[in-house]
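> Take a look and give me a structure for this.
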Amino acid sequence: MNWLRQLYLTDRLFYALGIIAALFALSFAWWWMVYIAQAASITLALAFIIDLALLYSKKTPVQSSRKVQQVSSLHDENKVELELQSKSNVGLRLRIIDELPEQLQERNHSLQANLKPNSHLLLTYYFLPFRRGEYLFRNTNCYISSFIGLAERRIIQEDKSITKVYPSIIQMKKYELYTLQRIAHFEGVKKMRRIGHSYEFDQIKQYVQGDDIRAINWKATGRSGSLMVNHFEDEKAQQVYCIIDKSRVMKMPFDQLTLMDYAINSSLVISNIAIRKQDKAGLISFSDQPETIVAADRHAGQLRKILESLYKEQEQYSESSFDRLYHTVRKVIKVRSLLFLYTNFESYYALERVIGVLRRLNQLHLLVVIFFENEEIIEYGEQAARNTEEVFLTTFAKKFTLDKQQIMQELNKYGIQTIITRPSELTINTINKYLQLKSRGMI
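Numbers count the residues shown, from 1 in each chain. Coordinates of the predicted model:
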């Protein structure tokens, strides 16, 4: 009875049966219609038998295989390929339902294709993950039908595939290309004007038009008989730490990702760029106590170590302890470093509780505090109020926005660098801040 469990009747068959039933009904009024109805019934029965013969002529008329990348990127479109092979001597129509991972919560995913006799076909589709972790693809269900189309036969291909969704590797490579290759056509990544010299001497070279005349080396010029200038380069081997707050303030969702997911994607990009620029990248995550600590380094496996650490991070319901973070930074980071602190302040009172710790951290290192704007509240505050209730709500929304600006001004008053950004622009703004601080020699 396995063949019966594979059999599905299509809408076309039921439409044909409905027409035949209507012909039999009309035969009560016009007796000669009964012969047409009987002929149609016999024709439908023969067509159904031929359709079954075509579908069951082979034990396995279609074989499928799925190709999924072992590593996928968070909040990026990741490709899945389905390879179909026909072993039938007739053309087939396919309706394919691939059993997607439960994390995607996709209920209406299906693919349509026409498969020629004894041929191959490659189908491609994309999935967009919003959570890190393992994604399990289960069976592939192929519903095949012939040109008659009265019935479908389901072929189940057991092909379980697992992909691990990591922080956005695609985003990391994209920003690496635009930042390191100095391509200025990418919107958002700025070219920073260099102010003065960095302190890392590179070489003495011959003067060419456009070189800074203040860098002329007069001793080398006297010895060589031609103008020679000192050439400087960016300082290297500076430590860059990404510090991620994992407490409940980072659980706020935006575009189906939490603020912590945005911080994780940005941390991976900044760590990669820092290593490519010969700096040392490190990572610290904390909530009520420090949890993940990756000492800053720039060896070949450092980025992989950071990536694996970010992959396992999860938001916590506890409140963050900045005092314990301060003691951890004092213990782990021995030299002056650049610290990118990803957190969020929803009120001025929240900043007042931790401003003392942030000032002490800024005395030891170059601290950049990154927190977020609430795009929905900003957009709501810009709407025109139509009644008294909306006047109250829009005013409250504007006050919330002004509180964020007050927080930024308070941090700047104590010399603390800040980035207040929308989640969608976090990575670009963080890259620009890093390049700005490097160009000014502030690290």
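
> Please name every helix or strand in contact with the longest helix anywhere in the chain.
As assigned by DSSP state H, the longest helix anywhere in the chain is helix 388-413. The contact analysis (3 or more Cβ pairs under 8 Å, 6 or more residues apart in numbering; DSSP states H and E) places helix 388-413 against helix 348-364, strand 366-372, helix 375-381, strand 417-421. C-beta: built from backbone N, CA, C; applies to glycine.

> switch the cut-off to 6 Å
Applying 3 or more Cβ pairs under 6 Å, 6 or more residues apart in numbering; DSSP states H and E, one finds that helix 388-413 makes contact with helix 348-364, helix 375-381, strand 417-421.

> Listing request: residues of the stretch 201-350 of the chain with sub-threshold pLDDT.
For the stretch 201-350 of the chain, the stretches flagged by pLDDT under 70 are 201-202, 231-236.

> Can you give me the neighbour number for Glu77?
Neighbour count of Glu77, defined by other Cβ atoms under 10 Å: 12.

> which stretches of the stretch 151-300 of the chain form helices?
Ranges of helices in the stretch 151-300 of the chain, per DSSP state H, counting those that start in this stretch, are 169-180, 218-224, 259-276.

> Run through the bridge partners of Cys142.
For Cys142, the beta-bridge partners are Ile96, Ile155 (DSSP bridges).

> leaving aside the residues next to it on the chain, what's closest to Val335?
Excluding the flanking residues, the one nearest Val335 by Cβ to Cβ, 6 or more residues apart in numbering is Gln239, at 6.4 Å.

> what sits against that neighbour?
Lys280, Ala296, Ser337 (Cβ atoms under 6 Å, 6 or more residues apart in numbering).

> Once you drop chain neighbours, what's closest to the first one?
Right, Lys280. Spatial nearest neighbour of Lys280, excluding adjacent residues (Cβ to Cβ, 6+ apart): Ala296 at 4.0 Å.

> okay but Asp297 is in contact with Lys280, surely?
Yes. Counting by Cβ atoms under 6 Å, Asp297 does reach Lys280; the two are 5.4 Å apart.

> more crowded one of these two?
Using other Cβ under 10 Å as the criterion, Asp297 and Lys280 rank with Lys280 on top: 21 against 16.

> Confirm for me that that one is in contact with Ala295.
No. Using Cβ under 6 Å, Lys280 is not in contact with Ala295, being 8.7 Å away.

> circling back to that earlier point, tell me which residues in the longest helix of the chain are buried?
Leu393, Thr394, Ala397, Phe400, Thr401, Asp403, Lys404, Ile407, Met408, Glu410, Leu411 (16 or more other Cβ atoms under 10 Å).

> Relative to Tyr380, how far out is the fifth one?
As judged by Cβ to Cβ, to the nearest Å, Thr401 and Tyr380 stand 10 Å apart.

> Pull out the C-alpha coordinates of stretch 126-134 and format them as CSV.
Taking C-alpha atoms only, stretch 126-134 is exported to CSV below (Å, rounded to 0.1, in the frame of the first residue of the first chain):
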residue,chain,number,x,y,z
TYR,A,126,17.8,31.8,-0.3
PHE,A,127,17.0,31.8,3.4
LEU,A,128,17.3,34.7,5.8
PRO,A,129,18.2,33.7,9.4
PHE,A,130,17.6,36.0,12.4
ARG,A,131,19.1,33.9,15.1
ARG,A,132,22.6,32.4,15.6
GLY,A,133,22.9,28.6,16.1
GLU,A,134,22.5,25.3,14.2
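
> Apart from its neighbours in sequence, what residue is nearest Leu26?
Met33 (4.6 Å).

> show me what contacts that neighbour?
Contact analysis of Met33 by Cβ under 6 Å, 6+ apart lists Leu23, Leu26, Ser27.

> Restricted to buried residues, select these in ChimeraX.
Entered in ChimeraX, the line below selects the buried ones among those, by 16+ other Cβ under 10 Å:
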select :23,27
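
> Make a markdown table out of the contacts of Met33 and add distance to Glu308, secondary structure and pLDDT.
Shown next, in a markdown table, are the contacts of Met33 (distance: Cβ to Cβ, whole Å; DSSP: H, G, I helix; E, B strand; the rest coil; pLDDT from 0 to 100):
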| residue | distance to Glu308 | secondary structure | pLDDT |
| --- | --- | --- | --- |
| Leu23 | 69 | helix | 91 |
| Leu26 | 73 | helix | 90 |
| Ser27 | 75 | coil | 88 |
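
> Redo the contacts of Met33 as TSV? Include distance to Leu364.
Putting the contacts of Met33 into TSV (distance: Cβ to Cβ, whole Å) gives the following:
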residue	distance to Leu364
Leu23	90
Leu26	93
Ser27	96
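
> which of the contacts of Met33 lies closest to Asp245?
Leu23 (73.1 Å; Cβ to Cβ).

> Could you report the separation of the closest one from Leu92?
Distance, Leu23 to Leu92, by Cβ to Cβ: 31 Å.

> thought Val165 was touching Arg132?
Yes. Taking contacts as Cβ under 6 Å, Val165 lies within contact range of Arg132: 5.3 Å.

> So these two - more neighbours on which side?
Neighbours per residue (other Cβ under 10 Å) separate Val165 from Arg132, with Val165 holding more: 23 against 20.

> Tell me which residues touch the more buried one, please.
Applying Cβ under 6 Å, 6+ apart, the residues contacting Val165 are Ser72, Leu74, Pro129, Arg132, Tyr135.

> before we move on, which element is the residue most central in space within the chain in?
With distances taken as Cα atoms, centre = their mean, His75 lies nearest the centre of the chain, 2.4 Å away. His75 belongs to no helix or strand when elements are defined using DSSP states H and E.

> So Gly222 versus Gln203, what's the distance?
Going from Gly222 to Gln203 by Cβ to Cβ gives 18 Å.

> If you could redo that for Arg440, that was the one I meant.
Using Cβ to Cβ, Arg440 is found at 23 Å from Gln203.

> if we can go back for a sec, now do the residue nearest to Leu26, the pLDDT please.
Here the pLDDT value assigned to Met33 is 88.
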